[in-house]
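Peer 1: take a look and give me a structure for this.
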Amino acid sequence: MPLVLEPDTWDLWLKGDPERTAALMKPANEDVLTERVVPKEVGNVKNNGPELLG
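Peer 2: Here you go, the predicted structure:
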């Protein structure tokens with residue numbers, strides 16, 4: 001699962017002690033990610049083109 005970090009936590013993630021950085025491993029805030037429906041053709045690496053952006 002990917003980890004989404006806010007820019008103000010990057011330094012802590014890269015240089016902080018393990019106990020403090022573990023607290024950063026939490027679900028992303030609702031306003032950080034957006035959902036978009038895409039066609040099933042996106043799942044095939046042979047397909048490539050602007051029509052796949054939905």
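
Peer 1: and the residue nearest the centre of the chain?
Peer 2: V4 (4.9 Å; CA atoms, centre = their mean).

Peer 1: which strand or helix spans E35?
Peer 2: Assessed by DSSP states H and E, E35 sits outside every helix and strand.

Peer 1: and it, how many neighbours does it have?
Peer 2: Other residues within reach of E35 by the criterion other CB atoms under 10 Å amount to 4. C-beta here means a position set from N, CA and C on the backbone, and glycine is covered the same way.

Peer 1: next: the one 5 residues further on.
Peer 2: K40 is flanked by 7 other residues according to other CB under 10 Å.

Peer 1: where does D17 fall, phi/psi-wise?
Peer 2: When read as degrees, to the nearest 10, the backbone of D17 gives phi -80, psi 150.

Peer 1: measure it to N48 for me?
Peer 2: 43 Å (CB to CB, to the nearest Å).

Peer 1: about what we covered before: just checking, the residue nearest to the centre of the chain touches D31?
Peer 2: No - applying CB atoms under 8 Å as the test, V4 and D31 come out as separate, 11.4 Å apart.

Peer 1: distance of M25 relative to G49?
Peer 2: 36 Å.

Peer 1: now do R36
Peer 2: Counting by CB to CB - R36 and G49 are separated by 16 Å.

Peer 1: kindly report the same for P7.
Peer 2: For P7, the distance to G49 - CB to CB - is 32 Å.

Peer 1: output the lowest mean pLDDT helix or strand found in this structure.
Peer 2: helix 18-22 (a mean of 91; mean pLDDT, DSSP states H and E).
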